[in-house]
Every structure is written in structure tokens, then in C-alpha cells.
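# I'd like to go over a predicted model; first the sequence, then the structure.
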Amino acid sequence: MMEDSILRVEGLKKYFPIKSGVWGKVKGYVRSLDGVSLTVRRGETLALVGESGCGKTTFGRTVLRLLRPTSGKIIFGGVDITDLSEKELKPFRRRMQIVFQDPLASLDPRMTIGDILREPFKLHGGFSLREIEEKILQLLESVGMREEHIYRYPHELSGGQRQRVCILRAISLNPEFLVLDEPTSALDVSVQAQILNLLKDLQREYGLTYLFITHDLGIVRFMSDRSAVMYLGKIVELSWNDDLFNNPLHPYTRSLISAIPTFDPELKRREEPILGEVPSAINIPQGCRFHPRCPYAFGACFEREPLLEDRGGGHLVACHLEKL
Amino acid sequence: MSRIVLDVRGLKTYFYTYEGVVKAVDGVSFSIREGEFFGLVGETGCGKSVTALSVMRLVDPPGRIVGGEVLLDGIDILKLSEKEMQGVRGRKISMIFQDPMASLSPLMKIGEQIAEVLRKSSKEVSRERILDLLKLVRMPSPERVIDSYPFELSGGMRQRAMIAMMLSAKPRLLIADEPTTALDVTTQAQILNLLKEMKRELKLSLWLITHDLGVVAELCDRSCVMYAGRIVECGTIREIFREPLHPYTRGLLEAIPKVHLKVDRLATIPGTVPDLIDPPSGCRFHPRCPYASYRCIESLPEAVSFTPTHIVFCHLYSGGIKA
């Protein structure tokens, strides 16, 4: 691959053991990530979409090495970081950051906003106290907050302000790559719009690369250039957004798109929603993992797992159907 | 036109806290007709859930209903005794909530829980009737579900069980408070389809409470938008989504990222929701409104009707001129 990639993931697997009894005997595995390969290009926003339990959050945490992968490879900025020790990882930590869904849960309630924002500078060293104070003031102002907020505690801020602090903490050391794990799903739409616009501005200003994890296809359309759709620990489709939304190739992607309420009262739902719900990642169906819910399933789907193949123009899909 | 089931007039519910009086619901009026799906939309803290709890008379202290009338088939249920009210809840008005797990007993099988509700409204409770109810809500493998505990079911199945339970007494009105917020989009689509089928088959009247405008557009006939304890606009779904009048309704609709429309920037509503202990004077939206004038600061906007169904509370229209 010739493009400038910031993150390359090959066959990434993450299994969580299920232990039981006094001796903690392993009786099975939750296969959260079951062989995921993708490349994130420098400067782009790649969206990772899927329903709860599909493994999108596990993916975000594993590529940052917040979780240790079971197998597979993570190559960040040309370096294989799959098996690096915590100490060896430290220089990479400041280059890759994450923003979580619930801002209140990711801010220490006993620290002031100032303390929270000073922490990354102190951890990674090399700044004088004066530099740090100047920087955090600059950061706060860049997102429309004021000096007085330095002395406030997280509970004194609104949801939108808290998420701004989380974003600032993540970008304070000029990282290259940011994982955004449902950063607006705890916020109201009017605040969500402010945060999404802010994320776009910051990306332009600092040349950031985003991996945007979400279940909301409207946000995907707004934020990203390319998107990957996940189902039960695997990518089922990956493409440029125009192709993905106008010409979805996988039956699951199609049902996801048609399941979204349209905002036009004249345009009521055209298709019947797919049946059933996502099966458990402990007992993954044989063959294609979507086949029990797929209206088009035939012989091959029950037997063989489809591979993720390019159907032209970088539109990748894992499905036995020739066309939908 | 069909009969009015629920008529809420000037409802006020205040919370008496140490910090002051929180005017959570401050003069809300609307009505729901037989067989109608009505949506009350608004953001967190606008008072939509408190409105529903007030109608059910389930507001806990320090909250208190301090004014207004709630007419159910013409009878003011705010004047009923607590004992009479118990005959209304579950039988005439039922309610389902966002998290079905919190409303179901974890220790009882689904069948037993439905039987418990059924016994309140009829003498004849049989396994067949319970199975019929489960089939009515299109429960997959009802024979197995009837003997299952809630934890053994998926989120969508739990919400189906709740709907079965709430429909068992054939209520006059079903209140659904964010019924699909905890569900995935594909499961949400299934539950919305189920509610539409219930509308056709049972002539169900539904009051949907949600922050999700998409769900309202999909499911409802008519809707009101709430902001900071007051209703700002009411209309048919077509009127609200195609010709929104209130700057808040417009702002909300424009702030949502949409799948079928690629934009470079989202429109935003500046500022944040006001504190309801000391709400802004006049129109409560004026500090965030791009069109606010001195009139909006000084006086409360009156209702302006554009059509018999489309009503807006905004000074921009008090002369009857469209903005």
C-alpha cells in the first residue's frame, strides 16, 4: 500500500476468557475482535460503525494498546507496537489519544479543570510551570471556555463543557491520532452539533487523524470520509461514504441504513427491518456470522466465512452474494 | 374527528428544593385524541418526563403539581383520591420506560409478571391468554419466553414483554417514555413497527416522549416541542418537520446530522439550557434566539395559530407574518 498510513492493523484478535468456579477454569471465550484488518490514512477520519457488542470499542482500545491483543499486528507510524512493553510504549502514548463517551466518568471528580489539564504536561515532562499555565489558558480559549474554568470542578460544568475538557486533555500534547469513542452520545443534539463542529475545526487546525467510533450513521455521514461497518467482531464492509450510503453491498449495512428514521414524514420506511438481534460473541454462528439474520442467505453462507474483498474503487465487502 | 382521550390544561409542576423552586413544568397544555400517536419532544431537562409523571400522579416530593387540570375522558384526575387513582394507573393509562430491565422484576418469570397485571383487570387469567398477549407483540418463541426470566431475554424482547404487559388491560392511553433509546437501531426499527401495528389493530392511543426527532417523524401523527418547562410549538408531523416556525424547533432540526444530506458544518444553537430556578424573563428561549427583540425579553409570547393544528408561541409571529 502506497498511501501514507498512520495506523495499520492486520488480523487483530481480542478474546476475553470466561472463567468459572473457584479455580477460574476457562470455559470459553468472548470473541470481541475476530480478525480485523484495516488501515487509517494520515489526516483522514475513518468511522467505525456498528451496534452494541460488535467490538468497535474493543477495537479502539486495542489499537491504542490499552488492551493487549490476543493475536494480530498493530503498526503505528511504521512501528510494530503489538508487543511493546509499557515503558517502550510511553513515547507513543503522547502521539495517540482517546476521548470516551461519558465525560463525567473520565474526569477525576476531585481534581479541578486546571489540574486535569496540567496532568499530561507533567506526565510527559519538558515544560516549565509558566509554559504549562500559558498552554492551558490557550487551550481553554480555543474551545470558547474562560480562565475561571481552571478553578472549577467537573461537576460544576455542563455536559458539553466537560466533553470539551476531555477533548482538550487529549489534544494538549499535539497527538497525531485520536480515537473518539462515541464522544457525543451522552449529549443533547444542540450540544452534539457544537462538539462535532469543534472536532472538525481541531482536525483542520492540527492536522489530526481520527478513528471515530459511533452507532449513529448521521454522525458518520457528517464526520468521516471512509467508514467500516462491524458486525460481531469482524468488518463486513469498508468504503468511501458516498459508495457506502448510496450503494451499500452488504445486507447488514443495507438494513442498518434503512433502520434509521428519516426526518421526512412523507418518506416512511421502505423496507421491513431485519429480524432478530445480534447473537452473543461467545457462540458465533458458523459460516458467515450474519447468516441467521440475513434475508438472502444461501448454501455457501452456512458453510464458509466470506472474505473481505475489494469490489472496485476501494469498496470492500465480506459477502458471498455477487450483488445485492 | 375522534374523541379527546387526554386533555392537559395549564399543568404546573414545581420542585421545592433548598436552592429554590424549580419550575420544571410551567403551564403546559395539549390534548391527545383516540387512536392518535402524539409525540412530546425536547432535550434533557425540558420537563417532558415530569409532564408524564404528573399525568400519572407519580411526582415524588419535593415535587408537587401546583396548577392545571388533567382531563381523562372528561374527568379531572388531579381531583381523584389516591385510591381512585390506583384504578386509573395500569388500567386506563399505562406507561413504559426507557429501561425495561428496571421495570421488570428480576425474580419472576415473564409469564407470572404478565399474569399479575392481568389479575388486576380480569378474573380469567390463563396460560393461553398470556401466550396470546405475547403473540400479539410478535414475541419470538413465546412458549419459551413465558417461562423465562428477564435476564434471559434480549433488550428488544424485554421491551416487547413490557408492551404486552401494558396492553393487557386495554388502556385508554399508553405513555412511552423514550421506549427505544436503550435499543440498537435495528431493534428500534422493530419496536417502532410493532407500535404501528398495534395502532392499526387495537386503535391504540399513544403518547410518546422522546428527545429523538427521527422517531417522532417516523411514528407520530402530531407533536409538541418543549423547551425549559413550556411548549413552544405544536403541529402535525408534516407541519413540524416541513414548516417549523419556532426558532428553537428550526435550530433543533438543523443541528441533527442526517444520513441523506452531507453538510460541511452543522447549524448550532448557541448557549445552553437555562436554569429553571431562575428562568429567563419573557420568552424562555430569548437568550439563545438569533431573532430576539426587546418584546421577547419583556413579555411571554401568546399562542399564535397558523392552522387549526399548527400553534407557535413566538413574538415573531404575533403579527401573523411569517419570518
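Received it, and whenever you're ready, just let me know what you need.
# C-alpha only now, for contacts and for neighbours.
Will do.
# ok, the host helix or strand of residue B:25: who's next to it in the sheet?
Residue B:25 belongs to strand B:20-33 when assigned by DSSP states H and E. Partner strands and pairing direction for strand B:20-33 (DSSP bridges) are strand B:4-17 (antiparallel).
# what's the average pLDDT for the strand it pairs with?
Over the span of strand B:4-17, the pLDDT mean works out to 94.
# Could you check it and say which residues are buried?
B:4-15 (16 or more other C-alpha atoms under 10 Å in any protein chain shown).
# Look at whichever residue of the stretch 101-250 of chain B sits closest to chain A and give its secondary structure.
Residue nearest to chain A within the stretch 101-250 of chain B: residue B:214 (5.0 Å; C-alpha to the nearest C-alpha). Taken by DSSP: H, G, I helix; E, B strand; the rest coil, the conformation at residue B:214 corresponds to helix.
# Packing partners of whatever helix or strand comes next after the strand holding residue B:25?
Counting by DSSP H and E, the element after strand B:20-33 in chain order, helix or strand, is strand B:37-41. Judged by 3 or more C-alpha pairs under 8 Å, 6 or more residues apart in numbering or on different chains; DSSP states H and E, strand B:37-41 is in contact with strand B:206-210, helix B:213-219, strand B:222-227.
# redo that, cut-off 6 Å
strand B:206-210, strand B:222-227 (3 or more C-alpha pairs under 6 Å, 6 or more residues apart in numbering or on different chains; DSSP states H and E).
# which residues are contacting whichever helix or strand comes after it?
Next along the chain after strand B:37-41, taking DSSP H and E as the criterion, comes helix B:48-55. For helix B:48-55, the surrounding residues in contact (C-alpha atoms under 6 Å, 6 or more residues apart in numbering or on different chains) are residue B:59.
# coming back round to it: what pLDDT does the residue of the stretch 101-250 of chain B closest to chain A get?
Residue B:214 is given a pLDDT of 89.
# rewinding a little: how about TSV for the helices and strands packed on strand B:37-41, with mean neighbour count added?
Output for those, formatted as TSV (neighbours: other C-alpha atoms under 10 Å in any protein chain shown):
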stretch	mean neighbour count
strand B:206-210	25
strand B:222-227	25
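# Pull the contacting residues for residue 13.
You didn't say which chain, so I picked chain A. A:33-35, A:70-71.
# Actually, chain B is the one I wanted.
B:25, B:64-66.
# Which of the residues you listed fall in strands?
Within the contacts of residue B:13, residues falling in strands by DSSP state E are B:25, B:64-66.
# what's the closest of those residues to residue B:308?
Relative to residue B:308, the closest of the ones in strands among the contacts of residue B:13 is residue B:25; by C-alpha to C-alpha it sits at 24.4 Å.
# rewinding a little: top of the ones in strands among the contacts of residue B:13 by number of neighbours, please.
Within the ones in strands among the contacts of residue B:13, most neighbours by other C-alpha atoms under 10 Å in any protein chain shown means residue B:25, with 29 neighbours.
# Apart from its chain neighbours, what residue comes closest to residue B:258?
With sequence-adjacent residues excluded and distances taken as C-alpha to C-alpha, 6 or more residues apart in numbering or on different chains, residue B:258 is closest to residue A:218, at 4.4 Å.
# Look up which residues are beta-bridged to the closest residue to residue B:6 other than its chain neighbours.
Among residues not flanking residue B:6 along the chain, residue B:72 sits closest, at 4.8 Å (C-alpha to C-alpha, 6+ apart). As for beta bridges, residue B:72 partners with residue B:6, residue B:75 under DSSP bridges.
# Verify the contact between the residue nearest to residue B:258 and residue B:260 for me.
No: shown here, residue A:218 and residue B:260 do not form a contact pair, counting by C-alpha atoms under 6 Å, at 8.0 Å.
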